[in-house]
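In: Structure of the sequence below:
(chains A and B)
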Amino acid sequence: MTAILQVRGMHAGYGSIRVLHGIDFDVEDGEIIALLGANGAGKTTTLRALSGMIAARGQIMLDGRDISTLNATARAQLGIAHIPQGRGTFVDFTVGENLALGAYLVRDKQSIRSALDYWYGIFPWLAERRDQPAGSLSGGEQQMLAVARALMAVPRILMCDEPSLGLAPAITQSLFALLARLNKERGMAILLVEQNARLTLRIAHRAYVIESGEIRLQGGAAELRDNPLIQRAYLGA
Amino acid sequence: MQLFLQQIVEGVASGAIYASLALALVLIYRATRVVNFAQGEMATLSVYIAWQINQWGVPFWLSLGIVAALSFVMGALTFRLMIRPVLGASDHTMVVICIGFFVGFEAICLWFWGADPRAFPRIFPDYAWTVGGVRLTANNLGILVTLCTLTAALSALFRFTRLGLAMRASAAEREKSPLVGIPVETMLMFGWGLAATVGFVAAVLIAPSLFLSPPMMVSVVIYALAAATLGGWDSPAGAIVGGLVVGVAESLCATFVGFIGNELKVGVPFALMAVILLARPQGLFGTTAVIRV
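Out: Got it, this is the predicted structure:
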């Protein structure tokens, strides 16, 4: 196993407000990593710092290369796909345009075509609603589209920020099934930020628990599921 | 009736020019949320440069081509050097910067070429047809054809090309676009460049009838502002319809409403702006986003 993403001593915040106080973690090839924590713990900030939406101090290695000085566009070009919290789609753009935007970095028409066929195969409704604005889709459909959009770029790592937010439990389950499938079929490395620890620990390989901007706990998903601290704080046991 | 139709023809022709300039305003507004009321002054400077190059012996059409490209660079540089550093600042900041552009570009024209109006050659031949008593000039037709070509080219760019899609995405979602690998600031720069070229086209169309002088575009930009407000600031199609409506309204009011006449006709766009802002502030074609969560 080789590390796709290695984060060492990452600090980040907004203006004078410091949110992350030097966090370390790894995502290995083919892993689903969960980043768990309560509201305001710094999960979203972590993803925003990784994708370059906000400035950060510390080392961020993608495939062994330090990307911490690059801007968001350059990081996307190197294979970081970030689906931000809430609406991960371009709401005023049609479904087809969203997928085309996802494939912005792919210059080869043939591979765009086959990626589209793949997604239209999984979600036939994407093809049917190609010309509808993404904003008119339901919340669950928008999340599915956001995942498809992010994967059009053939990224090295997919980062999802609370994809279950505001979704009905059944929809959340099928979304997580999709993520697990992408991981299994394509070996897609996924960094999943979630509050829904129960479901997340079911598909993740390993997890990190973040509290007040620091990593408090880490370990295999099964091991964390049985940890009494996790059970009390996040699983409602 | 003939007079009425004639006034509509004249109104559509001048409306097409307002529409072109309004198109430039809308391009910039969509990209950077700046109402660049110095658009006309930037265009005037471009026309002066074209005139100067032509005076130096470069063929007229070639000089227009050169300056169309040069305008793009000028617009792009204006963004890069003066808008980018304050991108995301308050509207007040932007207004003050645009006042600076307005004064600055006009001053550059005054400095190099003085205040005396100069004749600018007509692009289209002096030719006219009479259809059912209405006089159609080649100039008016040419203006319309230019607007149609411009519109078709821009919609093709935005609808069918990867570059156009990326420019639209950068304008609509400045935070999300880098996440799919779009160099947003480059795209916004292209938007400013494109707008400067479109503004140049508008100024070239009107320069022969107004004579070339530093404040040439001041009244035109007022019509263009009215057109963009009428059509909706985020809608290129609205800018075109708005421009034509303003042009026709101006021409009809000047001829048929006794107390307006030629002296008060510049009041027409202001009246239209006031009405639309009261009745439908987002403009005829402006959108309010519909989002289901």
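In: Just the residues contacting the longest helix along chain A, thanks.
Out: For chain A, the helix with the greatest residue count under DSSP state H is helix A:169-186. For helix A:169-186, the surrounding residues in contact (CB atoms under 8 Å, 6 or more residues apart in numbering or on different chains) are A:30-32, A:122, A:139-140, A:143-144, A:147, A:151, A:158, A:160, A:163-164, A:167, A:188-190, A:192, A:196, A:199-200, A:202-203. To be clear about C-beta, it is placed using only N, CA and C from the backbone, and glycine gets the same treatment.
In: I'd like the mean pLDDT over that helix, please.
Out: Rounded to a whole number, the mean pLDDT of helix A:169-186 is 93.
In: tell me the SS of A:Gly9?
Out: Following DSSP: H, G, I helix; E, B strand; the rest coil, A:Gly9 is assigned to strand.
In: Helices - which of the contacts of helix A:169-186 land there?
Out: Going by DSSP H, the helices hold A:122, A:139-140, A:143-144, A:147, A:151, A:199-200, A:202-203 from the contacts of helix A:169-186.
In: just those residues that are near chain B?
Out: A:Gly139 (CB under 8 Å from any CB of the partner chain).
In: what residues does chain A put near chain B?
Out: Within chain A, the positions near chain B by CB under 8 Å from any CB are A:51-53, A:71-73, A:76-77, A:81-82, A:84, A:87, A:90-93, A:97, A:100-102, A:104-105, A:133, A:135-139, A:149, A:153, A:166.
In: Buried subset of these, written for PyMOL?
Out: To isolate the buried members of these in PyMOL, using 16 or more other CB atoms under 10 Å in any protein chain shown:
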select buried, chain A and resi 51+52+53+71+72+73+76+77+81+82+84+87+90+91+92+93+97+100+101+102+104+105+133+135+137+139+149+153
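In: From the residues of chain A next to chain B, which land in helices?
Out: The helices, defined by DSSP H, take in A:51, A:72-73, A:76-77, A:97, A:100-102, A:139, A:149 from those.
In: which of the contacts of helix A:169-186 are buried?
Out: Applying 16+ other CB under 10 Å to these, the neighbour count classes A:30-32, A:139-140, A:143-144, A:147, A:151, A:158, A:160, A:163-164, A:167, A:188-190, A:192, A:196, A:199-200, A:203 as buried.
In: From A:Asp66, how far off is A:Ile157?
Out: Here A:Ile157 is placed at a distance of 15 Å from A:Asp66 (CB to CB, to the nearest Å).
In: Run through the residues that contact B:Met74.
Out: The neighbours of B:Met74, taking CB under 8 Å, 6+ apart as the test, are B:42, B:45-46, B:193, B:196.
In: Distance of B:Gln2 relative to chain A?
Out: Computed as CB to the nearest CB, to the nearest Å, the B:Gln2 to chain A distance reads 45 Å.
In: For the chain, which segments count as strands?
Out: No chain was given, so I picked chain A. For chain A, strands defined by DSSP state E occupy the ranges A:3-14, A:17-28, A:32-36, A:56-62, A:65-66, A:80-83, A:157-161, A:189-194, A:206-211, A:214-220.
In: Chain B is the one I meant
Out: Taking DSSP E, the strands of chain B run over residues B:128-131, B:134-137.
In: Out of those, which gets nearest to chain A?
Out: Of all the strands of chain B, strand B:134-137 sits nearest to chain A, with 39.1 Å by CB to the nearest CB.
In: Pull up the residues of the stretch 51-200 of chain B that are close to chain A.
Out: So far as CB under 8 Å from any CB goes, the stretch 51-200 of chain B lies against chain A at B:162, B:165-166, B:168-169, B:172-173, B:175-184.
In: So which helix or strand of chain B has the lowest pLDDT on average?
Out: Here the helix or strand of chain B ranked lowest by mean pLDDT, DSSP states H and E is helix B:261-264, holding a mean of 73.
In: My error: substitute chain A in the last question.
Out: Across the helices and strands of chain A, mean pLDDT, DSSP H and E gives its lowest value to helix A:228-233, namely a mean of 77.
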